[in-house]
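J.: Here's a sequence, model it:
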Amino acid sequence: MSENFRLPNALVPAAVLLFALLPHAGWADDEKVAAVLKAHARAFIVDEEGLHGEGAGWLIEQAGAAQFTLIGESHHNVETPLLTRGLLAALRDSGYSAYVVESGPESTRLLMDKVARGGIEAGIALQQGFPYSLAFLDRHEELEAAAKAVALGYEVWGVDQEFMGSPRLLLNRLGELTTDANEQERIAGMIDREMEALARLMETGDPSGALLLSTPPREFDALAAAFADPDSEGARIVDQLRASATIYRAFAEQRYYDNNASRVDLIKRNFLSRMQQPDGTLSNRRAFIKMGSVHSGRGRTPMHVYDIGNFAAELAFAQGNDSLHVLVLATGSVQPDGEFASWHESASHLVPAFELVPDDNAMVFDLRPLRPLLTQRTGKTPEQEKLQETALRYDALVVFPRFHPASPIVGVPGE
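T.: Here you go, the predicted structure:
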């Protein structure tokens with residue numbers, strides 16, 4: 001059509017109405033969605049030896065071309081850390097050198113220092129001595145993945161808030177870092193209070209006495225004064241405890257947006273600080289980032305914030321690189337009692353993909369071809385809207401036939 005062509009003004013409303021009634025070229029019924037998914041599906045096997053098959057080769061190639069690969073996971077299963085181990089091994093030759101996890105920076109550093117010196121058993125012993133100090137790395141399978149990363153030469157970065165139970169571990173370390181008897185007494189008193197709060201939590205379920213919920217700002221100020229060198233380990237620990245307390249208090253006070261916004265700001269600041277070189281400039285390091293699926297996609301999250309997934313995508317773009325965002329799910333999960341719980345209803349928008357997954361292999365789907373198909377259609381159902389959002393936030397979807405529960409290093413309260 002000529003760029004000079006114009007409809008008479010009187011005909012514009014009628015033309016708009018007629019266009020709305022016509023079948024759209026971008027309309028895709030469920031058969032078309034299923035056909036696109038099938039055309040871009042690749043099977044692969046994940047086992048103790050690594051990744052095998054066409055899907056493995058495709059996934060490794062895509063990740064190897066990116067500066068950041070982000071795994072959006074469903075926590076506490078066996079299969080995702082096993083996939084992670086295989087990818088970490090395969091991507092080392094592509095220049096990946098950092099493994100980024102959803103746990104506190106200082107507690108993760110202390111844990112991985114133990115693992116580097118004494119192996120997995122040393123990491124298990126630390127967590128048994130200071131239970132509930134770390135999120136997610138408190139599963140055997142997750143600790144094995146992190147230990148594999150260390151053995152391969154990766155740095156392991158925790159970038160999240162410090163976990164609710166972390167103060168015992170971190171305060172113990174502060175006590176080791178100071179020779180001032182008064183400070184050691186102050187820290188010992190805080191540890192005693194935390195122990196009492198933990199006992200109350202285990203007995204009654206009441207967390208209100210926990211240090212990260214009950215410590216007033218003046219106590220953090222006093223700790224900070226004892227570790228005044230801003231570049232010291234002690235100062236870093238106090239800063240992370242203070243920031244984590246702010247996040248937990250917002251949640252306890254039901255200020256949920258503030259809770260999520262301050263948490264995500266901390267995650268991004270912690271990640272950025274690790275990407276910076278000593279002179280303050282940004283490095284071009286390649287990082288493998290594994291966090292919950294709400295964190296790892298592009299765009300605004302369901303929590304109404306722009307998380308590390310979006311931050312990593314924009315940071316890679318600013319450096320002339322790409323990021324790869326991979327959502328990892330299963331068609332259902334095996335419960336601790338052995339029963340299988342299907343996810344077809346809770347994730348109904350992904351059923352067209354679930355139905356293509358065999359019983360014995362994982363599948364990886366390239367979601368990018370769905371973007372023009374879904375965004376150009378009108379009158380989408382809620383499931384189609386959810387599928388569109390998934391395809392815009394994530395580049396690829398890995399689906400296992402089933403998830404199996406991971407094994408806690410320390411018993412989980414209530415289980």
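
J.: helix or strand for the residue found closest to Thr84 once you drop the neighbours it is linked to in the chain, which one?
T.: Using Cβ to Cβ, 6 or more residues apart in numbering and skipping the chain neighbours, the partner closest in space to Thr84 is Ala145 (4.8 Å). For glycine as for every other residue, the C-beta is placed from the backbone atoms N, C-alpha and C. Under the criterion of DSSP states H and E, Ala145 resides in helix 140-152.

J.: counting contacts, what elements does that helix pack onto?
T.: If you count contacts as 3 or more Cβ pairs under 8 Å, 6 or more residues apart in numbering; DSSP states H and E, helix 140-152 packs onto helix 79-91, strand 96-101, helix 105-129, strand 155-158.

J.: Of the ones you listed, which is nearest Tyr248?
T.: helix 105-129 (14.6 Å; Cβ to Cβ).

J.: now the closest one: how far from the chain's centre is it?
T.: From the chain centre to the centre of helix 105-129 is a distance of 21 Å (Cα atoms, centre = their mean, to the nearest Å).

J.: Same question for stretch 405-413.
T.: 19 Å.

J.: thinking again about what came up before, turn the helices and strands packed on helix 140-152 into TSV, columns for mean pLDDT, distance to His52 and mean neighbour count.
T.: Shown next, in TSV, are these (pLDDT from 0 to 100; distance: least, Cβ to Cβ, whole Å; neighbours: other Cβ atoms under 10 Å):
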stretch	mean pLDDT	distance to His52	mean neighbour count
helix 79-91	98	9	23
strand 96-101	98	20	23
helix 105-129	98	25	19
strand 155-158	98	26	22
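
J.: wait, which of those is closest to Gly320?
T.: Using Cβ to Cβ, the helices and strands packed on helix 140-152 put strand 96-101 closest to Gly320, at 17.4 Å.

J.: Just checking: what are the partner strands of that closest one?
T.: Within its sheet, strand 96-101 is paired with strand 155-158 (parallel), strand 286-292 (parallel), according to DSSP bridges.

J.: thinking again about what came up before, so which of the helices and strands packed on helix 140-152 is nearest Ile308?
T.: That would be strand 96-101 among the helices and strands packed on helix 140-152, by Cβ to Cβ, at 8.2 Å.

J.: Alpha carbons of that closest one, as PDB, please.
T.: Output of strand 96-101 as PDB, limited to C-alpha atoms (Å, rounded to 0.1, in the frame of the first residue of the first chain):
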ATOM      1  CA  TYR A  96      32.200 -18.700  32.700                       C
ATOM      2  CA  SER A  97      33.800 -18.100  36.000                       C
ATOM      3  CA  ALA A  98      31.100 -17.200  38.600                       C
ATOM      4  CA  TYR A  99      28.200 -19.200  40.000                       C
ATOM      5  CA  VAL A 100      25.600 -16.900  41.500                       C
ATOM      6  CA  VAL A 101      23.100 -18.300  44.100                       C
END
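
J.: can you give me how far that strand is from the chain middle?
T.: 12 Å.

J.: Likewise for stretch 189-200?
T.: 30 Å.

J.: May I see the buried residues of it?
T.: By neighbour count on 16 or more other Cβ atoms under 10 Å, the buried set for stretch 189-200 is 190-191, 193-194, 197-198.

J.: so for that stretch, what's the average pLDDT?
T.: Stretch 189-200 comes out with an average pLDDT of 92.

J.: what's next to it, contact-wise?
T.: 132, 165, 167-168, 171-172, 175, 206-207, 209-211, 214-215, 219 (Cβ atoms under 8 Å, 6 or more residues apart in numbering).

J.: before we move on, what about stretch 385-396?
T.: 33, 59, 62, 72, 296-299, 309, 324-327, 349-350, 352, 364-368, 370-371, 374-375, 380, 397.

J.: Show me where the chain has its strands.
T.: Counting by DSSP state E, the chain has strands at residues 41-47, 50-52, 68-73, 96-101, 155-158, 286-292, 323-330, 332-334, 340-342, 362-366, 396-400.

J.: most packed of those strands?
T.: strand 68-73 (a mean of 27; mean count of other Cβ atoms under 10 Å).

J.: starting at the chain centroid, how far to the helix holding Ala145?
T.: 16 Å.

J.: buried residues in that helix?
T.: 140-150.

J.: Kindly report the same for stretch 155-168.
T.: Buried, per 16+ other Cβ under 10 Å, within stretch 155-168: 156-168.

J.: Equivalent analysis for stretch 351-369, please.
T.: 351-354, 356-357, 361-367.

J.: For it, output the C-alpha coordinates as CSV.
T.: This file holds the C-alpha atoms of stretch 351-369, laid out as CSV (Å, rounded to 0.1, in the frame of the first residue of the first chain):
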residue,chain,number,x,y,z
VAL,A,351,0.2,-27.9,29.2
PRO,A,352,1.0,-27.8,25.5
ALA,A,353,4.7,-28.2,26.4
PHE,A,354,4.1,-30.7,29.2
GLU,A,355,2.2,-33.0,26.8
LEU,A,356,5.3,-33.3,24.6
VAL,A,357,7.6,-34.4,27.4
PRO,A,358,8.3,-38.2,27.4
ASP,A,359,8.6,-40.2,30.6
ASP,A,360,12.3,-40.8,30.4
ASN,A,361,13.9,-37.6,29.0
ALA,A,362,13.9,-33.9,29.8
MET,A,363,12.9,-31.5,27.0
VAL,A,364,14.1,-28.0,26.2
PHE,A,365,11.8,-25.7,24.3
ASP,A,366,13.0,-22.5,22.5
LEU,A,367,10.3,-20.1,23.5
ARG,A,368,11.4,-17.2,21.3
PRO,A,369,9.3,-18.2,18.3
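
J.: If anything else comes up later, I'll come back, but that's it for now.
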